[in-house]
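J.: Fold the following.
(4 chains)
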Protein chains: 2
Amino acid sequence: MAAPPSRPALRERYDRRQQEVVDAAAGVFARRGYDQTTVQELAKEVGIAAGGLYHYFGSKEQLLIRICDELMDPLLARIEPLVADETVDPAQQLRAVVRLWVEHVCTHRDHMLVFQQERHVIEHGAQWRGVRTTRKRFERMIEDLLGRGGREGALRFDDRRVALSALLGMVNHTAQWYRPRGRLTPQEIADGYVDLLVP
Amino acid sequence: MAAPPSRPALRERYDRRQQEVVDAAAGVFARRGYDQTTVQELAKEVGIAAGGLYHYFGSKEQLLIRICDELMDPLLARIEPLVADETVDPAQQLRAVVRLWVEHVCTHRDHMLVFQQERHVIEHGAQWRGVRTTRKRFERMIEDLLGRGGREGALRFDDRRVALSALLGMVNHTAQWYRPRGRLTPQEIADGYVDLLVP
DNA sequence: CATAATACCGAATGAGCATTCGAAGTTCGT
DNA sequence: ACGAACTTCGAATGCTCATTCGGTATTATG
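T.: So this is what the prediction gives:
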């Protein structure tokens, strides 16, 4: 992998192209699977020769890591401020969070599918610590929010752990059936989920 | 792949060993991923040489198909009779179904994890039609049950499609966190899910 | 025990694949 | 328009891995 260009004008083009690679990769990986996708296939998708990809990424796996970071980091960043204020009604807060979350999943379907399919490598690989801790922080945030809602009686569930897993399961699963031009908007879907949890 | 033994006495031993292979494969595939697992690794897990596996399976992919069949077929077979009687209260019926379903997922954690991780090949591969239609039949059954419950006011949700996906998401996600000696039994988990859907 | 059926071994095969790298093409700043 | 910085090419490299197969060990049966 080459270093990114130092001149700022070129840096912009470089970043754009790199982003194209990530997006194409997310698409192909989601469709054919990470391991089944050859670098050649991916390169053709981008419209580049195989070797050219290594100008933007050091390895196929780094590209995969990038896809996961691109999914989790902005999500965490957008949701963290939403749950920071502990004086707001937890039910309202949860609705806001889930709306944002579902929205994010729907606009990053491919990223999400890849993230789910590659669970095994994420959970065990050494260079995946970053992704793992981000995901843990995210889940912790949701769990805290649920806990607050449970204590205040603003939410209906018996066990916080079950509620958390239910929520994680349903929201993340959305990536597998949501269609951009489908009957339901991300917000409607999100509200459907939240309505299961509020009395 | 050799034909299974014709003599019945040997057939039993053959079947047992084949089952050992499937179970070992489910475990390794769930941990390391299907593509990342070499048949050498898998063979060592079974305590056999690599070539020996081909006595029981024609290819690595057939083994994967077998894992998925072993997950879906018995599940469908056990749930079909439960939903057949349309005079029973849908809420009770749903509880029975989800209990069985969660139980099945928990006793087939590895199978389920593999099934999820290999979504892409299942959805696109030619020899996967069988698995795909079984899954569709299963989802259709659940959807019908939810529909009945919605019409009769026995369940609380606005949109049947959202409820279905929520349920699929949460139950299947269970495989990713359930631990046999954990605090919660499969039945408690199942009831937690169902309680979100009944008034 | 003899012999046929079954189970397994393990080295060889051959294809596929990620990655490298020197050269050639392209774009930018001056 | 020229050199430097940057981008891409594409063939070569070297490795990994699924699968094959002829031979050997093990087991059942008469």
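
J.: where's residue A:103, which helix or strand?
T.: Under the criterion of DSSP states H and E, residue A:103 resides in helix A:90-107.

J.: Buried residues in that helix, which are they?
T.: A:90-91, A:93-106 (16 or more other CB atoms under 10 Å in any protein chain shown). C-beta coordinates here come from the backbone N, C-alpha and C atoms, glycine included.

J.: And stretch A:152-163, by the same measure?
T.: A:154-155, A:157, A:159-163.

J.: Give me the residue at the spatial middle of chain A.
T.: Centroid-nearest residue in chain A: residue A:71, 3.2 Å away (criterion: CA atoms, centre = their mean).

J.: give the contact list for that residue.
T.: Neighbouring residues of residue A:71 by CB atoms under 8 Å, 6 or more residues apart in numbering or on different chains: A:108, A:111-112, A:115.

J.: Chain A: helices as residue ranges?
T.: A:8-32, A:39-46, A:60-84, A:90-107, A:109-117, A:119-124, A:129-151, A:160-173, A:186-197 (DSSP state H).

J.: Name the helix or strand of chain A that has the lowest mean pLDDT.
T.: helix A:8-32 (a mean of 94; mean pLDDT, DSSP states H and E).

J.: who touches stretch A:37-51?
T.: With contact meaning CB under 8 Å, 6+ apart, stretch A:37-51 is reached by A:20-21, A:24-25, A:27-29, A:32, A:52-53, A:60.

J.: which of those are close to DNA strand D?
T.: Counting by CB under 7 Å from any atom of the strand, residue A:52 from the contacts of stretch A:37-51 sit close to DNA strand D.

J.: can you put the contacts of stretch A:37-51 in TSV and add neighbour count and distance to residue A:123?
T.: As requested, the contacts of stretch A:37-51 are exported to TSV (neighbours: other CB atoms under 10 Å in any protein chain shown; distance: CB to CB, whole Å):
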residue	neighbour count	distance to residue A:123
A:20	15	29
A:21	21	25
A:24	20	26
A:25	26	21
A:27	18	24
A:28	21	23
A:29	26	17
A:32	16	22
A:52	13	32
A:53	21	26
A:60	17	19
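
J.: Could you export the contacts of stretch A:37-51 as TSV, including distance to residue A:136?
T.: Shown next, in TSV, are the contacts of stretch A:37-51 (distance: CB to CB, whole Å):
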residue	distance to residue A:136
A:20	31
A:21	28
A:24	29
A:25	25
A:27	27
A:28	28
A:29	23
A:32	29
A:52	36
A:53	31
A:60	25
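
J.: Go ahead and confirm residue A:128 touches residue A:122.
T.: Yes - Residue A:128 is in contact with residue A:122 according to CB atoms under 8 Å; the separation is 5.0 Å.

J.: hey, what's in contact with both of the two?
T.: Counting by CB under 8 Å, 6+ apart, the shared contacts of residue A:128 and residue A:122 are residue A:68.

J.: can you tell me how far residue A:43 sits from residue B:131?
T.: Residue A:43 sits 31 Å away from residue B:131, going by CB to CB, to the nearest Å.

J.: Could you do residue A:174 as well?
T.: Here residue A:174 is placed at a distance of 22 Å from residue B:131 (CB to CB).

J.: cool, residue A:68 as well?
T.: Remark: distance between residue A:68 and residue B:131 (CB to CB) = 27 Å.

J.: will you turn the helices of chain A into TSV that also has distance to residue A:180?
T.: As requested, the helices of chain A are exported to TSV (distance: least, CB to CB, whole Å):
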stretch	distance to residue A:180
helix A:8-32	14
helix A:39-46	20
helix A:60-84	17
helix A:90-107	8
helix A:109-117	9
helix A:119-124	25
helix A:129-151	24
helix A:160-173	17
helix A:186-197	9
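
J.: residues near the nearest residue to residue A:118 once chain neighbours are set aside, how many?
T.: Leaving aside its sequence neighbours, residue A:118 sits nearest to residue A:34 (CB to CB, 6 or more residues apart in numbering or on different chains; 5.8 Å). Counted with other CB atoms under 10 Å in any protein chain shown, the neighbours of residue A:34 add up to 22.

J.: so residue A:34 makes contact with residue A:114?
T.: Yes - between residue A:34 and residue A:114 there is a contact under CB under 8 Å: 6.7 Å.

J.: Mind listing the shared neighbours of the two?
T.: Counting by CB under 8 Å, 6+ apart, the residues touching both residue A:34 and residue A:114 are residue A:64.

J.: residue contacts, residue A:101?
T.: By CB under 8 Å, 6+ apart, the contact list for residue A:101 reads A:75, A:79, A:171, A:190.

J.: Report the entries of these that also contact chain B.
T.: Checking the contacts of residue A:101 against chain B by CB under 8 Å from any CB of the partner chain, the ones in range are residue A:171.

J.: Just put the contacts of residue A:101 in a markdown table and tack on distance to DNA strand D.
T.: Listed next are the contacts of residue A:101 as a markdown table, based on distance: CB to the nearest atom of the strand, whole Å:
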| residue | distance to DNA strand D |
| --- | --- |
| A:75 | 29 |
| A:79 | 33 |
| A:171 | 34 |
| A:190 | 38 |
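
J.: now, which of the contacts of residue A:101 sits nearest residue B:185?
T.: Taking CB to CB as the measure, residue B:185 lies nearest residue A:171 of the contacts of residue A:101, at 24.7 Å.

J.: How many neighbouring residues does the residue of chain A found nearest DNA strand D have?
T.: Residue of chain A nearest DNA strand D, by CB to the nearest atom of the strand: residue A:51 (1.8 Å). For residue A:51, the neighbour count with other CB under 10 Å is 10.

J.: And residue A:45, how far from chain B?
T.: Look at residue A:45 and chain B: by CB to the nearest CB, to the nearest Å, they are 15 Å apart.

J.: per-residue pLDDT, that residue?
T.: pLDDT, residue A:45: 96.

J.: Repeat that for residue A:116.
T.: 98.

J.: and the gap between it and residue A:67?
T.: Per CB to CB, residue A:116 is found 12 Å from residue A:67.

J.: Which one's more surrounded, the two?
T.: The residue with more neighbours, out of residue A:116 and residue A:67, is residue A:67; 25 against 19, by other CB under 10 Å.

J.: With that, I have no additional questions.
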